[in-house]
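Undergrad: okay, here's the prediction I keep looking at, along with the sequence it came from:
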Protein chains: 2
Amino acid sequence: MNDVIATILNHRSIRQFEDRPLSDEQINTIVSCAQAAATSSFIQAYSIIGVKDKEKKRKLAELTGNQEYVEKNGHFFVFCSDLFRHTVVGKREQKQVTATLESTEKFMVALIDTSLAAQNAAVAAESLGLGICYIGGIRNHLEEVKRLLNIPDRVIPLFGLAVGYPAHLTDKKPRLPFAHVYHEDEYEQDMERFNHQLDDYDQLISNYYQTRTNGQRKDRWTEQIANMLSKPTRMYMKEFIQKNKLDLH
Amino acid sequence: MNDVIATILNHRSIRQFEDRPLSDEQINTIVSCAQAAATSSFIQAYSIIGVKDKEKKRKLAELTGNQEYVEKNGHFFVFCSDLFRHTVVGKREQKQVTATLESTEKFMVALIDTSLAAQNAAVAAESLGLGICYIGGIRNHLEEVKRLLNIPDRVIPLFGLAVGYPAHLTDKKPRLPFAHVYHEDEYEQDMERFNHQLDDYDQLISNYYQTRTNGQRKDRWTEQIANMLSKPTRMYMKEFIQKNKLDLH
């Protein structure tokens, strides 16, 4: 196994960091790695906002659901899908680009571009001995996050990435069975096998929690996920996205 | 610079592969690396379809705009955002999950999850000396792709990933200036600086093309992107996505 694969397979989310900021060189390396990711038709539809200001970090921690590690880390990145840049590009070149920028297709492209870049950043950070945690809680209050960071239309803060020196190592959570996620030549058609795989995985996850909590927690994966999905969250999203002139048609 | 960062920074898209299939072990490693990526609230909202069947690969090459490297490569992966699995999870646990699964928020989560996984796969493949190319052309004819690979509702083939032994090394394309993509504490507010950065980048890209084509091509980045954006493509996407019971509210 080479170092790259070892780094990738060793990922776990870190939620407690030392009080030690990243150096400018580390930030530079992480962002450069993000930028090296593939980008759809060279569109480069993302921006990254690094938040250093203490008051802004405190406010972001509050907005993301009082997650302490949003405030206390080595550096906090906000990954934004960005089609504002392309609004400017259209103006510079006097081309009609609005129909494209407002399409569902380009909304998807921007989300994909941003996520590919972010994962490069995450892997790069981990290779430097740093820990990372993605912060989806950024999407709890997007209006407020946009105002706090002065973010223009057609730019969506998709998630945060807290990076820093790990103060507490967590366990790796086992993933869905390989055969459940990887299909050959067509999507799994046998629903009995499909459900058996989920049964096996439920057992694995239940054991995982039991071992780690001395039996206090033993929820299965499907149980945990069904509970989560039964409570709709962030249901303002469609309105917010469309107000930002994205995903309209 | 460590091996991980060197691998990431060395990325370029490969569009010509040797006629040499990946081993099962390589495929296994690449998919396991994909699965090791972070996932929003442990939702694991993606599936990967590996296409080996020659006729299906030929057909996919046709559907993606006659891209030869979709047919001729070491292995072809189709990365799908997947909330079908979670429809099944809801049924198994007898929970009402439809409102959540049909929300714009979960559509976004599934796209992000899938893309994080894919980028891990891409980096892992490159670390094995393989080349990769993302294939957004998968989205040209999604109905047909879904039929070809027997893909259920709430699963969207987002992009392909062609992987193989490079037969032809390409150049790395320079990215947008660091300062244009990375902002500190707030999004860039100075539009003059913003435009200057684009001017500089336009010059860089124009020189890049001129050098590589003996002066035959010299388009600037903003020119290239504005031209691309002025021709709306895949405008059926919204209807297609909503027909797949996603991004409805």
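TA: Looks like it came in fine.

Undergrad: which SS class is the residue in chain A sticking out farthest from the centre?
TA: No residue in chain A sits farther from the centre than A:Q94, which is 34.3 Å out by Cα atoms, centre = their mean. Applying DSSP: H, G, I helix; E, B strand; the rest coil to A:Q94 yields a three-state assignment of coil.

Undergrad: helix or strand for A:S81, which one?
TA: Here A:S81, judged by DSSP states H and E, is contained in strand A:75-82.

Undergrad: partner strands of that strand and their direction?
TA: strand A:46-51 (antiparallel), strand A:155-164 (antiparallel) (DSSP bridges).

Undergrad: per-domain residue ranges of chain A.
TA: A:3-171+A:239-243, A:178-218 (automatic domain parsing).

Undergrad: all helices of chain A, in order?
TA: For chain A, helices defined by DSSP state H occupy the ranges A:3-9, A:24-35, A:54-63, A:68-71, A:84-92, A:98-101, A:104-127, A:142-148, A:178-181, A:191-212, A:221-229, A:237-243.

Undergrad: would JSON lines of these with mean neighbour count, distance to B:N227 and mean pLDDT be doable?
TA: (C-beta placed from N, C-alpha, C; glycine too.) Formatted as JSON lines, these follow (neighbours: other Cβ atoms under 10 Å in any protein chain shown; distance: least, Cβ to Cβ, whole Å; pLDDT from 0 to 100):
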{"stretch": "helix A:3-9", "mean neighbour count": "20", "distance to B:N227": "36", "mean pLDDT": "98"}
{"stretch": "helix A:24-35", "mean neighbour count": "20", "distance to B:N227": "23", "mean pLDDT": "98"}
{"stretch": "helix A:54-63", "mean neighbour count": "17", "distance to B:N227": "38", "mean pLDDT": "98"}
{"stretch": "helix A:68-71", "mean neighbour count": "19", "distance to B:N227": "40", "mean pLDDT": "96"}
{"stretch": "helix A:84-92", "mean neighbour count": "20", "distance to B:N227": "10", "mean pLDDT": "97"}
{"stretch": "helix A:98-101", "mean neighbour count": "19", "distance to B:N227": "11", "mean pLDDT": "98"}
{"stretch": "helix A:104-127", "mean neighbour count": "27", "distance to B:N227": "15", "mean pLDDT": "98"}
{"stretch": "helix A:142-148", "mean neighbour count": "17", "distance to B:N227": "30", "mean pLDDT": "98"}
{"stretch": "helix A:178-181", "mean neighbour count": "17", "distance to B:N227": "38", "mean pLDDT": "96"}
{"stretch": "helix A:191-212", "mean neighbour count": "15", "distance to B:N227": "45", "mean pLDDT": "97"}
{"stretch": "helix A:221-229", "mean neighbour count": "21", "distance to B:N227": "42", "mean pLDDT": "98"}
{"stretch": "helix A:237-243", "mean neighbour count": "16", "distance to B:N227": "26", "mean pLDDT": "97"}
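
Undergrad: out of the strands paired with strand A:75-82, deepest packed?
TA: strand A:155-164 (a mean of 26; mean count of other Cβ atoms under 10 Å in any protein chain shown).

Undergrad: off-centre distance for that one?
TA: Strand A:155-164 sits 7 Å away from the centroid of its parent chain (Cα atoms, centre = their mean, to the nearest Å).

Undergrad: pLDDT of that strand, averaged?
TA: Across strand A:155-164, pLDDT averages out at 98.

Undergrad: tell me the angle of it relative to helix A:24-35?
TA: 130 degrees (axes from the mean of the first three to the mean of the last three Cα atoms, to 10 degrees).

Undergrad: touching, A:E102 and A:L246? I think so.
TA: Yes - with contact defined as Cβ atoms under 8 Å, A:E102 reaches A:L246; the gap is 6.6 Å.

Undergrad: of those two, which one has the most company?
TA: A:L246 (22 against 19; other Cβ atoms under 10 Å in any protein chain shown).

Undergrad: follow-up on the earlier one: report the angle between the strand holding A:S81 and helix B:104-127.
TA: With the same axes, to 10 degrees defining the directions, strand A:75-82 sits at 110 degrees from helix B:104-127.

Undergrad: could you export strand A:75-82 as CSV, CA atoms only?
TA: Extracted C-alpha coordinates of strand A:75-82, given in CSV (Å, rounded to 0.1, in the frame of the first residue of the first chain):
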residue,chain,number,x,y,z
HIS,A,75,-7.9,26.9,10.3
PHE,A,76,-11.4,27.1,9.0
PHE,A,77,-12.2,27.0,5.3
VAL,A,78,-15.6,27.6,3.8
PHE,A,79,-16.0,25.9,0.4
CYS,A,80,-18.4,27.8,-1.8
SER,A,81,-19.8,26.8,-5.2
ASP,A,82,-19.2,29.9,-7.3
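
Undergrad: chain center to it, what's the gap?
TA: 9 Å.

Undergrad: now do the buried residues in it.
TA: A:75-82 (16 or more other Cβ atoms under 10 Å in any protein chain shown).

Undergrad: picking up where we left off before, who wins for proximity to B:L198 among the strands paired with strand A:75-82?
TA: Closest to B:L198 of the strands paired with strand A:75-82, according to Cβ to Cβ: strand A:46-51, at 13.3 Å.

Undergrad: wait, what's in contact with the closest residue to A:L198 other than its chain neighbours?
TA: Nearest residue to A:L198, sequence neighbours excluded (Cβ to Cβ, 6 or more residues apart in numbering or on different chains): A:T222, at 5.8 Å. With contact set as Cβ atoms under 8 Å, 6 or more residues apart in numbering or on different chains, A:T222 has these partners: A:198, A:202, B:89, B:92-93.

Undergrad: I'd like to know which of those is nearest to B:P166.
TA: In terms of Cβ to Cβ, no member of the contacts of A:T222 lies closer to B:P166 than A:L198, at 38.4 Å.

Undergrad: isn't that closest one up against B:V88?
TA: Yes - look at A:L198 against B:V88 with Cβ under 8 Å: they come within range, at 7.3 Å.

Undergrad: what's the overlap in contacts for those two?
TA: Residues touching both A:L198 and B:V88 (Cβ under 8 Å, 6+ apart): none.

Undergrad: the closest residue in space to A:D202 that isn't next to it in sequence: what's it in contact with?
TA: Spatial nearest neighbour of A:D202, excluding adjacent residues (Cβ to Cβ, 6+ apart): A:R220 at 3.6 Å. With contact set as Cβ under 8 Å, 6+ apart, A:R220 has these partners: A:202-203, A:205-206.

Undergrad: thinking again about what came up before, got JSON lines for the buried residues of strand A:75-82, with pLDDT too?
TA: Output for the buried residues of strand A:75-82, formatted as JSON lines (pLDDT from 0 to 100):
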{"residue": "A:H75", "pLDDT": "98"}
{"residue": "A:F76", "pLDDT": "98"}
{"residue": "A:F77", "pLDDT": "98"}
{"residue": "A:V78", "pLDDT": "98"}
{"residue": "A:F79", "pLDDT": "98"}
{"residue": "A:C80", "pLDDT": "98"}
{"residue": "A:S81", "pLDDT": "98"}
{"residue": "A:D82", "pLDDT": "98"}
